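Return a 3D structure for these sequence lines:
(one chain, ligands or ions: 2)
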Amino acid sequence: MDIAKEIQKRRTFAIISHPDAGKTTLTEKLLLYGGAVQLAGSVTARKNQRATTSDWMELERKRGISISSTVLQFDYDGYHINLLDTPGHKDFSEDTYRVLTAVDAVVMVIDAGKGIETQTLKLFEVCRQRGVPIFTFMNKCDRPTREPLALLDELERVLGIGAFPVNWPIGNGFDFQGVYDRQTRQVYLFERTVGGQFRAPVSIGSLSDPVIRDRVSDETFAKVSEELEMLDSAGEIFDDASVLAGKTTPVFFGSGVNNFGVQLLLDGFLKHSPPPKPRVMAGAQISPGHPEFSGFIFKIQANMDPKHRDRIAFVRVCSGKFERDMTVIHPRTNKKVRLSSSHKLFGNEREVVNEAYPGDIIGLVGHSDFGIGDTLTTDKNICYKEIPRFTPEAFAYLHNPNTSKFKQFRTGLDQLLQEGVIQVLQLRDAAIKVPLLAAVGPLQFEVVQYRLENEYGAPSRLEAAPWTVVRWLPAQFTETSLDALSLPTGSRLAYDMGQNPVILFPNDWSANYFSQTNPRIALSSLPIGGPAN
Ligand SMILES: Nc1nc2c(ncn2[C@@H]2O[C@H](COP(=O)(O)OP(=O)(O)OP(=O)(O)O)[C@@H](O)[C@H]2O)c(=O)[nH]1
Ligand SMILES: [Mg+2]
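Ligands and ions are numbered 1, 2, ... in the order given. Prediction:
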């Protein structure tokens with residue numbers, strides 16, 4: 001089997017955006033057009049309607065928001081696709097950022113009625129730092145949108161990236177009928193289907209074709225013709241090199257919920273997006289064609305399948321060929337591990353996989369030693385350092401009100417800590433040992449409580465804690481020097497999960513005050529060299 005050929009077939013990408021722009025809906029439609037589902041589900045599924053494949057968690061379905069990223073693997077048109085739907089909410093951004101380390105390209109979804117929103121901007125910045133090619137989908141064109149030219153202008157102005165419209169919307173809001181493909185000079189007019197469950201019927205022709213012309217109002221025809229002329233006179237052509245360098249984003253218009261423009265996005269994306277790239281490790285490049293297997297864990301999730309109640313580590317394969325039952329090195333523990341329980345993933349469904357290639361995401365079941373960020377490889381010289389760290393900004397005590405449920409409470413909490421959903425701190429000199437949770441945002445606490453109760457049968461009670469800032473002390477800080485510290489009012493000393501000392505401050509002001517009065521103590525907003533979760 002030719003590994004190079006397998007690598008060329010791989011496309012691994014994430015869908016990112018501000019909350020509610022339509023990522024999960026678009027993901028579902030890409031599955032529909034990719035032939036991976038027969039009937040598209042909905043994020044707001046009512047009775048008799050399917051729910052989406054990627055929002056499979058009960059809490060996601062209840063709330064109608066994505067909480068956790070989801071991997072969907074399928075074959076389409078000769079490609080082997082690994083698609084990741086990510087949560088948009090900033091409280092879950094740690095999960096989204098980890099996913100961005102595992103992909104080779106992203107589709108950025110923008111609500112065309114709103115333009116670029118805060119969270120989109122933040123995610124974009126991370127993509128730019130990593131040099132990830134970005135494809136843009138202007139969604140919700142079936143609702144009143146901003147002017148398409150203004151949307152392009154905003155991409156260039158706010159994101160500082162070139163925007164190349166691959167297609168152009170015909171009509172706006174209720175009159176949105178389809179798009180003009182600037183490469184083939186063909187018009188695609190769509191019809192809505194009930195609930196958008198099936199592919200939208202489409203008529204294709206040139207702009208002046210009578211079949212097309214009859215369906216478009218004079219006003220829309222005049223507007224689109226004028227806009228297209230303007231775009232053409234700018235004389236830009238699709239520049240693949242600039243797209244691959246992340247300097248230009250190809251822009252597609254459409255409506256995910258109505259299936260308008262989804263096929264064009266899928267085909268356009270696959271044609272222009274890159275296969276797996278080399279990975280940088282300590283300044284050196286590891287190419288996907290490197291003969292030894294290597295990959296890293298970017299996500300851990302337990303209880304995906306209520307029937308199994310086990311834990312899956314998500315591995316992005318970076319080089320070589322993965323074979324089931326192979327023995328690899330786990331550099332963090334320096335142990336040799338046999339990987340026998342490997343799976344391909346589709347939402348919360350899984351299937352045993354015997355081999356995988358660079359670009360693929362596989363799920364390994366079991367292996368309680370594995371943590372987020374760990375490398376697995378047959379080459380003792382490879383160790384990736386991909387996973388970004390975040391500073392918690394929300395703190396709360398988690399009580400177990402029911403002593404008979406202590407075991408469930410502890411097991412559940414330990415598992416969620418391993419997933420990196422939250423961190424736990426331990427107050428120095430604490431009289432009672434109630435776990436002090438630390439998270440990027442308060443919604444994560446809600447998820448912890450919900451999952452403890454639903455997956456482990458352990459109800460819990462949350463109590464607000466009075467801090468908003470955590471800072472790490474230098475690693476070599478001794479217990480005696482901790483004793484000698486004089487802390488501002490309301491601040492406390494604590495330890496993180498790696499026993500590194502931290503200070504909890506009630507607010508920024510008090511953290512700054514401490515730094516000013518203790519100029520020799522270098523505080524850090526992240527642990528130095530601590531474990532990844
Ligand atoms: N009108 C209109 N509504 C849409 C379209 N696409 C998605 N929506 C709606 O927008 C809402 C949010 O959609 P989701 O797909 O859950 O958005 P998301 O980006 O995945 O949200 P998070 O994952 O929570 O960040 C839902 O009510 C969708 O039905 C569209 O093309 N047109
Ligand atoms: Mg979603």
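
For residue 203, see how far away the residue of the chain most remote from its centre is.
Most distant from the centre of the chain: residue 210, at 44.0 Å, with distances by CA atoms, centre = their mean. With distances taken as CB to CB, to the nearest Å, residue 210 is found 11 Å from residue 203. Where you see a C-beta, it was placed from the backbone N, CA and C, and this is true even at glycine.

and if you look at residue 460?
56 Å.

Specify which residue of those two has the higher count of neighbours.
residue 460 (22 against 15; other CB atoms under 10 Å).

And that one, how far from residue 396?
For residue 460 relative to residue 396 (CB to CB), the value is 10 Å.

Check residue 261 too.
From residue 261 over to residue 396 (counting by CB to CB), the distance is 43 Å.

and these two? which has more neighbours close in?
Using other CB under 10 Å as the criterion, residue 261 and residue 396 rank with residue 261 on top: 30 against 21.

Does the more buried one touch residue 255 like I think?
Yes - under the criterion of CB atoms under 8 Å, residue 261 makes contact with residue 255 at 6.9 Å.

what do those two both touch?
residue 141 (CB atoms under 8 Å, 6 or more residues apart in numbering).

Which parts of the chain are helices?
3-9, 23-33, 58-63, 93-100, 118-130, 148-159, 210-215, 218-234, 240-244, 262-272, 406-418, 443-456, 479-484, 508-517 (DSSP state H).

Buried residues of the third one, list them for me.
What that stands for is helix 58-63. 60-61, 63 (16 or more other CB atoms under 10 Å).

tell me the contacts of the nearest residue to residue 161 once chain neighbours are set aside?
Leaving aside its chain neighbours, residue 161 sits nearest to residue 249 (5.4 Å; criterion: CB to CB, 6 or more residues apart in numbering). Residue 249 sits next to 108, 134-136, 155, 159, 161-164, 243 when contact means CB under 8 Å, 6+ apart.

ok, now residue 252?
135-138, 166-167, 179, 261, 264-265, 268.

gap between residue 258 and ligand 2?
Remark: distance between residue 258 and ligand 2 (CB to the ion, to the nearest Å) = 17 Å.

Isn't that residue up against residue 191?
No - look at residue 258 against residue 191 with CB under 8 Å: they stay out of range, at 9.1 Å.

what touches both of the two?
In contact with both residue 258 and residue 191: residue 200, using CB under 8 Å, 6+ apart.

Of these two, give the one with the bigger neighbour count.
residue 258 (21 against 14).

Show me what residue 82 is bridged to.
Here residue 82 sits in beta bridges with residue 12, residue 73, going by DSSP bridges.

and it, how many residues sit next to it?
Residue 82 has 26 nearby residues by other CB under 10 Å.

same check, this time on residue 379
17.

likewise residue 467?
Neighbours around residue 467, by other CB under 10 Å: 25.

what pLDDT does the nearest residue to it once chain neighbours are set aside get?
Nearest residue to residue 467 in three dimensions, chain neighbours excluded: residue 504, at 4.0 Å (CB to CB, 6+ apart). pLDDT recorded at residue 504 is 97.

how about residue 504, what does it touch?
So residue 504 contacts 395, 425, 465, 467, 469-470, 491-494 (CB under 8 Å, 6+ apart).

how about a markdown table for the buried residues of helix 58-63, with pLDDT added?
Formatted as a markdown table, the buried residues of helix 58-63 follow (pLDDT from 0 to 100):
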| residue | pLDDT |
| --- | --- |
| 60 | 91 |
| 61 | 89 |
| 63 | 88 |
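
and those residues as JSON lines, adding distance to ligand 1?
JSON lines is the format used below for these (distance: CB to the nearest ligand atom, whole Å):
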{"residue": "60", "distance to ligand 1": "8"}
{"residue": "61", "distance to ligand 1": "11"}
{"residue": "63", "distance to ligand 1": "8"}
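
Count the neighbours of the closest residue to ligand 1 within the chain for me.
Nearest to ligand 1, among the residues of the chain, is residue 88, at 2.6 Å (CB to the nearest ligand atom). Residues near residue 88, counting by other CB under 10 Å, number 24.

Check residue 397 too.
16.

low-scoring pLDDT stretches of the chain, where are they?
1, 47, 528-533 (pLDDT under 70).

how about the residues of it near ligand 1?
17, 19-25, 43-44, 65-66, 87-89, 139-140, 142-143, 255-258 (CB under 6 Å from any ligand atom).

Please repeat the previous calculation with a cut-off of 5 Å.
19-25, 43, 65-66, 88, 139-140, 142-143, 255-257 (CB under 5 Å from any ligand atom).

Report the buried residues of stretch 384-404.
Quick answer for stretch 384-404 (16+ other CB under 10 Å): 384, 386-387, 390, 392, 394-398, 400.

Please read the previous query as pertaining to stretch 178-195.
When neighbours are counted by 16+ other CB under 10 Å, the buried residues of stretch 178-195 are found to be 178-182, 186-190, 192, 195.

can you give me the strands for the stretch 201-350 of the chain?
Counting by DSSP state E, counting those that start in this stretch, the stretch 201-350 of the chain has strands at residues 202-205, 248-253, 279-281, 284-286, 294-302, 311-319, 322-323, 326-330, 335-339, 342-346, 349-352.

With adjacent residues omitted, what lies nearest to the residue in the stretch 301-450 of the chain positioned nearest to ligand 2?
Closest to ligand 2 within the stretch 301-450 of the chain is residue 347: 12.4 Å, counting by CB to the ion. Of all residues not flanking residue 347 in the chain, residue 53 sits nearest, at 4.2 Å (CB to CB, 6+ apart).

Give me the neighbour count for the one you found.
Residue 53 - counted by other CB under 10 Å - has 22 other residues nearby.

swap in residue 223?
17.

Also residue 464?
11.

Which residues does it form beta bridges with?
According to DSSP bridges, beta-bridge pairing links residue 464 with residue 396.

go on, residue 162?
Where residue 162 sits in a bridge, its partners, by DSSP bridges, are residue 248.

That one reaches residue 242, doesn't it?
Yes - using CB under 8 Å, residue 162 is in contact with residue 242, at 6.4 Å.

Please enumerate the shared neighbours of the two.
residue 248.

which residues does residue 428 contact?
482, 492-495, 501 are the contacts of residue 428 under CB under 8 Å, 6+ apart.
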